[in-house]
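> Based on what follows, work out the 3D shape:
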Amino acid sequence: MSIAPIQWDHWRSFIAVAEQGSLSAAARVLGLRQPTVSRHIDLLEQSTGTTLFLRSPQGLSLSDIGQQMLPEARAMAASAAALERAASAPVDAARGIVRLSASEVVGAEILPSVLGNLLAIHPALEVELVLSNRNDDLLHREADLAVRMTRPAQTGLVARKIADVRIGLFAHTRYLAARGTPRSVAELAGHVLIGPDRDSVALAALAEAGIARRMVQFRCDRESAQINAIRAGMGIGALQAGIARAAPDLRPVLADRLSFGLECWLVMHADLRNNARVRLVTEYLSAHLPRALKA
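From the prediction side, this is the model:
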């Protein structure tokens, strides 16, 4: 298929419509008028000579060709964003944009306090935080730097171990006062346990500790919901010890029997090793993040 040159704005509208499912929602996300987005899609379909979206009363859905094009369009978007970040400060390491990827827990619970000091020291620096566990976001240049709890196996990435993170069971003092503190894994059966729903990795870790899924009374795969449930005094759940330390009302449960560790890594694309701005953030996180993660 021969495709005539297409403006980047048209591809950006294509991605937004694919992700939002309607022209109006895509227009809101892009800050454009709906007729403008509709015109972009029409011109894109004319240029490619194919139907990219299937229209229905429920909205727009990608055609087979549209589904094939979406990953390439996203890759183009990531490259454009990386180019913008690279051009944002060609000389000054403390000026411009660094896009940082982290897990939901680390990104929401740990990084804000650490990054606050960094931005106070370097007011011309900008940090974009994306919550993700995918190493693909680095390979596709959707992020410059990532905090990961496993060492990446993909080639093309550079990783630095910065900390060991301990995870154990914790509960609110209010819950323990009302229900008692279990003294063995067997006694957990008489308590409200908080944990994963369908997360196979997390479920396997619990099973290895002798906790079956059926024992978990409150199940959710969003770790932020689990953490808030523990803080609310709902029951007993797994938590990073560093996060629990910041909550005076949380107490460890079976700390001598049920705990395990994760490694924390800073990861970047190999091409960014000599990027002064990314190196600045990397060195800062290497110096300050371990303290925030420490039990």
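> what's in contact with the helix or strand hosting residue 113?
Per DSSP states H and E: residue 113 is located in helix 111-121. Helix 111-121 is contacted by residues 100, 102, 125, 127, 129, 147, 281, 284-285, 288-289, 292 when judged by CB atoms under 8 Å, 6 or more residues apart in numbering. For glycine as for every other residue, the C-beta is placed from the backbone atoms N, C-alpha and C.
> Give me the subset of those lying in strands.
The members of the contacts of helix 111-121 that map onto strands under DSSP state E are 100, 102, 125, 127, 129, 147.
> Among these, which one lies nearest to residue 232?
Among the ones in strands among the contacts of helix 111-121, residue 102 lies closest to residue 232 (CB to CB), at 24.0 Å.
> For that closest one, which residues are in contact?
111, 129-132, 146-147.
> could I get these as TSV with pLDDT?
Shown next, in TSV, are the contacts of residue 102 (pLDDT from 0 to 100):
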residue	pLDDT
111	93
129	91
130	89
131	87
132	77
146	91
147	92
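> With neighbour count and distance to residue 77 added, can I get these in TSV?
Below are the contacts of residue 102 laid out as TSV (neighbours: other CB atoms under 10 Å; distance: CB to CB, whole Å):
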residue	neighbour count	distance to residue 77
111	22	24
129	17	18
130	14	13
131	14	18
132	18	15
146	26	18
147	23	23
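> Which two of these have the greatest separation?
111 and 132 (13.1 Å).
> need the helices for the protein, in chain order.
With DSSP state H as the criterion, the chain has helices at 8-20, 23-30, 34-48, 64-87, 104-105, 111-121, 136-139, 173-179, 200-208, 223-231, 241-245, 276-293.
> Off-centre distance for the third one?
It stands for helix 34-48. Taking CA atoms, centre = their mean, to the nearest Å, one finds the center of helix 34-48 at 32 Å from the center of the full chain.
> hang on, residue 223 packs against residue 109?
No. Judged on CB atoms under 8 Å, residue 223 makes no contact with residue 109 at a distance of 9.1 Å.
> for the stretch 1-150 of the chain, which spans come out with low pLDDT?
Within the stretch 1-150 of the chain, the stretches with pLDDT under 70 are 1-6, 79, 81-93, 133-137, 139.
> try 50 this time
For the stretch 1-150 of the chain, residues meeting the criterion pLDDT under 50 lie at 1-2, 91.
> and which of the ones in strands among the contacts of helix 111-121 is nearest residue 51?
Taking CB to CB as the measure, residue 51 lies nearest residue 129 of the ones in strands among the contacts of helix 111-121, at 36.9 Å.
> so what's residue 244 up against?
Here residue 244 is in contact with 168, 170, 250, 252 (CB under 8 Å, 6+ apart).
> so what's the residue lying closest to residue 54 once chain neighbours are set aside up against?
The shortest distance from residue 54 to any non-neighbouring residue, by CB to CB, 6 or more residues apart in numbering, is to residue 61 (5.0 Å). Residues in contact with residue 61 (CB under 8 Å, 6+ apart) are 21, 53-54.
> sorry, back to before: now tabulate the ones in strands among the contacts of helix 111-121 in a markdown table and tack on distance to residue 155.
Formatted as a markdown table, the ones in strands among the contacts of helix 111-121 follow (distance: CB to CB, whole Å):
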| residue | distance to residue 155 |
| --- | --- |
| 100 | 22 |
| 102 | 22 |
| 125 | 30 |
| 127 | 27 |
| 129 | 26 |
| 147 | 20 |
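> Quick check: residue 34 touching residue 23?
Yes. Between residue 34 and residue 23 a contact is recorded at 5.1 Å, counting by CB under 8 Å.
> Look at those two and report which has more neighbours.
With other CB atoms under 10 Å as the criterion, residue 34 and residue 23 differ in neighbour count, and residue 23 comes out ahead with 23 against 14.
> residues touching the more buried one, list them.
17, 34, 37-38, 41, 60 are the contacts of residue 23 under CB under 8 Å, 6+ apart.
> try 10 Å
By CB atoms under 10 Å, 6 or more residues apart in numbering, the contact set of residue 23 is 13, 16-17, 32-38, 40-41, 53, 59-60.
> and if you look at residue 179?
171, 190-192, 233, 235-236.
> buried ones in the strand of greatest length in the chain?
Ranked by number of residues, the top strand in the chain under DSSP E is strand 157-172. Buried positions in strand 157-172, judged by neighbour count with 16 or more other CB atoms under 10 Å: 157, 159, 162-163, 165-172.
> so that strand versus helix 276-293, what angle?
When axes from the mean of the first three to the mean of the last three CA atoms, to 10 degrees is applied, the directions of strand 157-172 and helix 276-293 differ by 30 degrees.
> Which among the contacts of residue 23 count as buried?
Counted by 16+ other CB under 10 Å, the contacts of residue 23 give 13, 16-17, 32, 37-38, 40-41, 53, 60 as buried.
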